[in-house]
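1. Okay, predicted coordinates and the sequence, questions at the end:
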Amino acid sequence: MRLSIVIILLFFINHIGNTSVWNICPSCQLKSLEEALDRAEPMDTIRVQKGLYECVDIEINKPVVIIGDEGAVIDGLEKGYVLKILSDSVTISGLKIINAGKSYTKDFAAIYVYRANHFTLSNLEIINPFFGILLEKSKNGNVHHNKVYGVSQREDDSGNGIHLWHCSNVIIEQNEVYGLRDGIYLEFVDDSKVMNNYTHDNIRYGLHFMFSNRDEYVENIFENNGAGVAVMFSKFILMKENTFTHNWGTASYGLLLKEIYDAEVIDNSFTENTIGIFIDGSTRINYTENLFEQNGWAVKVSGGCYTNKFFKNNFIGNSFDISYNAKMNDNTFDGNYWSDYTGYDLDKDGIGDVPYRPVKLFSYIVNKTPETIILLRSLFVDIINFSEKVSPVFTPDNLIDNQPSTFIFQ
């Protein structure tokens with residue numbers, strides 16, 4: 001047994017010691033990435049020096065490391081895929097990639113990863129692609145410190161910045177994505193993390209994922225997108241310490257939850273969105289320590305939402321804190337701070353002595369007749385809201401915060 005281990009270690013030491021570095025540049029012996037890949041052995045390194053290199057549908061079918069110097073530019077000539085990773089253990093770093101092809105029938109990408117394991121894509125600049133980074137049926141990868149951006153104006157002529165399909169155990173970290181259809185897109189992606197990304201000014205969503213379980217997205221910024229984030233048909237999702245801001249539009253929101261189960265929404269900031277969170281058919285979700293500030297609607301609850309808990313959230317200066325379209329309520333809203341709360345706290349324990357009803361009758365009216373929003377700041381609205389608070393008829397009579405906080409949570 002010991003002899004076998006020694007033989008294996010000697011093999012790897014010998015293999016590592018024999019790896020080579022291949023340089024390509026306009027004046028080098030090797031002038032193209034394709035030539036270098038033909039000569040390279042598994043685990044070799046290819047160094048791309050400053051220059052412009054034409055690459056169309058280049059297949060990487062062995063484990064190699066490709067590192068670009070400053071000024072190394074890969075040009076796809078707008079003809080198709082640029083680089084295709086078809087092997088395990090491939091690392092690509094430091095390249096600028098331009099002119100990936102565009103198509104209405106194929107998902108052309110600057111970097112396409114298919115059935116790969118243990119890959120790393122880092123420090124890349126991908127300019128005006130159809131799809132920037134496209135991963136299919138791959139796992140155990142890391143996509144970090146990349147910049148992917150375009151100038152797309154319509155959904156139908158643009159792909160996504162970072163797109164994953166049928167993947168698992170992928171970390172997407174510290175990327176900036178803008179000017180595309182969706183910044184980051186996940187479908188059938190499990191056990192993965194999206195962390196510290198800045199996705200902004202995209203046509204549709206900053207982050208969009210469906211049919212994906214046990215994922216986390218943490219400390220991301222979603223700003224000025226068509227809508228911030230859409231999470232659909234998934235379970236066991238952790239959404240923590242993200243910023244959703246300036247996602248404005250007639251059908252826009254910071255966060256959409258559609259058919260989500262057993263999730264955590266913790267310590268996020270929702271500021272200046274048309275709707276902070278839109279919830280539809282989602283159950284057993286804990287909303288804790290979030291900030292909802294200066295939104296049109298802080299939280300808009302549609303049908304089929306049960307056993308959700310809102311606790312220790314700050315609702316500050318929203319036009320409507322909670323919108324509810326049903327008479328029945330199975331969710332709890334206890335221990336939150338409401339800037340519209342006018343009750344008293346005689347014993348100074350930080351908990352209001354008078355329960356608070358966050359659903360206003362006027363929000364119910366606006367849901368039925370959107371044009372009435374022009375009456376928002378009128379005395380008439382104050383009167384009907386007060387009458388509904390005294391004797392609820394149209395809003396859930398048990399949707400009450402029984403322990404409203406009288407101080408803002410820090």
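-> Structure received.

2. From G161, how far out is the most centrally placed residue in the chain?
-> A centroid search over the chain (Cα atoms, centre = their mean) returns L207, at 3.1 Å, as the residue closest to the centre. Distance of L207 to G161, computed by Cβ to Cβ, to the nearest Å: 10 Å. Yep, even glycine has a C-beta here, placed from its N, CA and C like the rest.

3. what is in contact with these two at once?
-> D182, G183, I184, T199 (Cβ atoms under 8 Å, 6 or more residues apart in numbering).

4. number of nearby residues for D267?
-> Using other Cβ atoms under 10 Å, D267 has 18 other residues around it.

5. gap between it and Y287?
-> 10 Å.

6. And the helices in the stretch 51-200 of the chain?
-> With DSSP state H, counting those that start in this stretch, there are no helices along the stretch 51-200 of the chain.

7. got the contact list for the residue lying closest to H246 once chain neighbours are set aside?
-> Once flanking residues are discounted, H246 sits nearest to N224: 4.6 Å by Cβ to Cβ, 6 or more residues apart in numbering. Applying Cβ under 8 Å, 6+ apart, one finds that N224 lies in contact with H200, D201, T245, H246, N247, W248.

8. Over to the fourth one: give its phi and psi.
-> This means H246. For H246, the backbone dihedrals are phi 60, psi 40 (criterion: degrees, to the nearest 10).

9. Distance-wise, check it relative to S192.
-> 27 Å.

10. Neighbour count for these two, which is higher?
-> Taking neighbours as other Cβ under 10 Å, H246 and S192 compare with S192 leading, 22 against 18.

11. ok, now how distant is the closest residue to V90 other than its chain neighbours from G249?
-> The shortest distance from V90 to any non-neighbouring residue, by Cβ to Cβ, 6+ apart, is to F119 (5.0 Å). Distance, F119 to G249, by Cβ to Cβ: 36 Å.

12. and those two? which has more neighbours close in?
-> Using other Cβ under 10 Å, the more surrounded residue of F119 and G249 is F119, with 24 against 12.

13. show me the contacts for that one.
-> I85, D88, S89, V90, T91, V113, S138, N140, G141, N142.

14. sorry, back to before: contacts for the one helix or strand the residue nearest to the centre of the chain maps to next, please.
-> Using DSSP states H and E, the element containing L207 is strand 205-210. Residues outside strand 205-210 that contact it (Cβ under 8 Å, 6+ apart): 160, 182-189, 194, 197, 199-200, 215, 217, 220, 222-223, 225-234, 247.

15. Please list the members of those residues that lie in strands.
-> Judged by DSSP state E, the subset of the contacts of strand 205-210 located in strands is 184-189, 194, 199-200, 217, 222-223, 227-234.

16. quick revisit: pull out the buried members of the contacts of F119.
-> I85, D88, S89, V90, T91, V113, S138, G141, N142 (16 or more other Cβ atoms under 10 Å).

17. doesn't E59 make contact with the fourth one?
-> Right, the one you point to is V90. No. V90 is beyond contact range of E59, at 11.0 Å (criterion: Cβ atoms under 8 Å).

18. picking that back up, pLDDT score assigned to the residue nearest to the centre of the chain?
-> L207 is assigned 97 on the pLDDT scale.

19. Show the average pLDDT along stretch 226-238.
-> Per-residue scores along stretch 226-238 average to 96.

20. Mind listing what's buried along that stretch?
-> For stretch 226-238, by 16+ other Cβ under 10 Å, it's G226, A227, G228, V229, A230, V231, M232, S234, K235, F236, I237.

21. Could you identify the most distant pair in these?
-> With Cβ to Cβ as the measure, no two of those lie farther apart than G226 and F236, at 26.9 Å.

22. moving C-terminal of the helix or strand hosting R284, what's the next helix or strand?
-> Assigned by DSSP H and E, R284 belongs to strand 283-288. Sequence-wise, the next helix or strand downstream of strand 283-288 (DSSP H and E) is strand 291-293.

23. got a list of contacts for that next one?
-> Outside strand 291-293, the residues touching it (Cβ under 8 Å, 6+ apart) are 268-272, 276-277, 298-299, 313-318, 321.

24. Parallel or antiparallel, list what pairs with the helix or strand that it is followed by.
-> Downstream of strand 291-293, the first helix or strand assigned by DSSP H and E is strand 297-301. Looking at strand 297-301 with DSSP bridges, its partner strands are strand 275-280 (parallel), strand 320-324 (parallel).

25. any chance of these in a markdown table, plus mean neighbour count?
-> Formatted as a markdown table, these follow (neighbours: other Cβ atoms under 10 Å):
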| stretch | mean neighbour count |
| --- | --- |
| strand 275-280 | 25 |
| strand 320-324 | 25 |
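
26. Tell me which of these sits nearest to I408.
-> strand 320-324 (14.3 Å).

27. what mean pLDDT does the closest one have?
-> Rounded mean pLDDT across strand 320-324 is 88.

28. In the next helix or strand after it, which residues are buried?
-> Using DSSP H and E, the next helix or strand after strand 320-324 towards the C-terminus is strand 332-334. Across strand 332-334, burial judged by 16+ other Cβ under 10 Å covers T332, F333, D334.
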